[in-house]
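Q: sequence and predicted structure, then a few things I'm wondering about:
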Amino acid sequence: MKNVLMFPGQGSQYVGMASDLYEYDEVKRLFDQTSQIINDDIAKIMFSGPDELLTESKNAQVAILLHSFSVFSLMKDRIKFDAVCGHSLGEYTALLVSGVFDFKSAVELVRKRGELMSYAGLKAKGSMAAVIGLSPLIIEDVLSKIEGVVIANYNGDQQTVISGTVEGIQNATEILSKKGARRVVKLNVSGAFHSPLMDYAYREFADFIDRYEFNKPKSYVLMNVSANFENDPTKIRELLKKQIISPVKWTQIMRNLIDNGYGNFYEMGPSKVLSGILKKIDLEKRSSSFEKKDEILNFKE
């Protein structure tokens, strides 16, 4: 049975994350290298917070990448994998693991991505909401009639995240509730991520990312924008650019993997969010999460 590694995205961070992994020399070296790259003490931000500081996109994105890659670094000689994927920000960890770019490049890219997304959120104030208990098809139909709101994340048949203008999200919330949504929960975010309101970040990041060299991945990679297996470095670069203003097709990625014979799903990084989503998509699939030291030590393939 084929194995896939999954890496979480922004929102998975929490104060104290990865603190139990810091005793490993290999992990400490990654922390030290990251602090040099961003010119800040990432260990202090991750271990001590406060939460408001860690939650800033420029810090949260680096912290999640670092936590996820630290777990992978401790497990890479013990676990075989055939494909990788990551949810939004997690896509960068997936590409790093697959050798598309090196660790320094990954940290620089996600740091810049976080800064630009925060700034874009300030320029074009928007909002996001999670729609619980309503089919994505119904949500798509409703949003087609509301200006300024799009689907940001397909997270299973019962959870879809929408993104757009404040007024548009308010209108969508009222209509989706009447259509039968169990809940529509406004998210505490700094902007309308994965929507056209991120256009400023998209344009600025497109120029920035072109400075970096991309290699052909050493394993299969599924990209958020296409939900397909990709191995062309040029196409991967373009899909990373578009990801900022496009929906994360996570449900479609999971189903593509399942249809192609992947049976073991290993999540590496904070909070176990992706394993929870997978269980709602397909209860029969084996999913394991690796976040803390004990989980890594107890792993048996």
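A: Yep, that arrived.
Q: ok, residue 43 touching residue 30?
A: No. Here residue 43 lies out of contact with residue 30, judged by CB atoms under 8 Å, at a distance of 10.3 Å. Backbone N, C-alpha and C define where each C-beta goes, glycine included.
Q: of these two, which one has the most company?
A: The neighbour comparison of residue 43 against residue 30 (other CB atoms under 10 Å) goes to residue 30, with 23 against 18.
Q: surely that one meets residue 72?
A: No. Judged on CB under 8 Å, residue 30 makes no contact with residue 72 at a distance of 10.3 Å.
Q: if I look at residue 65, how far off is residue 76?
A: 16 Å (CB to CB, to the nearest Å).
Q: quick one: which of these two has more around it?
A: Taking neighbours as other CB under 10 Å, residue 65 and residue 76 compare with residue 65 leading, 29 against 14.
Q: what's near enough to touch that one?
A: Shown in contact with residue 65 (CB atoms under 8 Å, 6 or more residues apart in numbering): 89, 92, 93, 96, 106, 107, 110.
Q: repeat for residue 15
A: Here residue 15 is in contact with 46, 47, 48, 49, 50, 51, 54 (CB under 8 Å, 6+ apart).
Q: return the backbone torsion pair for the residue nearest to residue 102 when sequence neighbours are not counted.
A: Excluding its sequence neighbours, the residue lying closest to residue 102 (CB to CB, 6 or more residues apart in numbering) is residue 96, at 7.6 Å. Here is the backbone geometry of residue 96 (degrees, to the nearest 10): phi -60, psi -50.
Q: does residue 96 really touch residue 108, like I thought?
A: No. If you go by CB under 8 Å, residue 96 and residue 108 don't touch, sitting 11.6 Å apart.
Q: more neighbours: which of those two?
A: residue 96 (24 against 19).
Q: any idea what residue 153 is bridged to?
A: residue 161, residue 248 (DSSP bridges).
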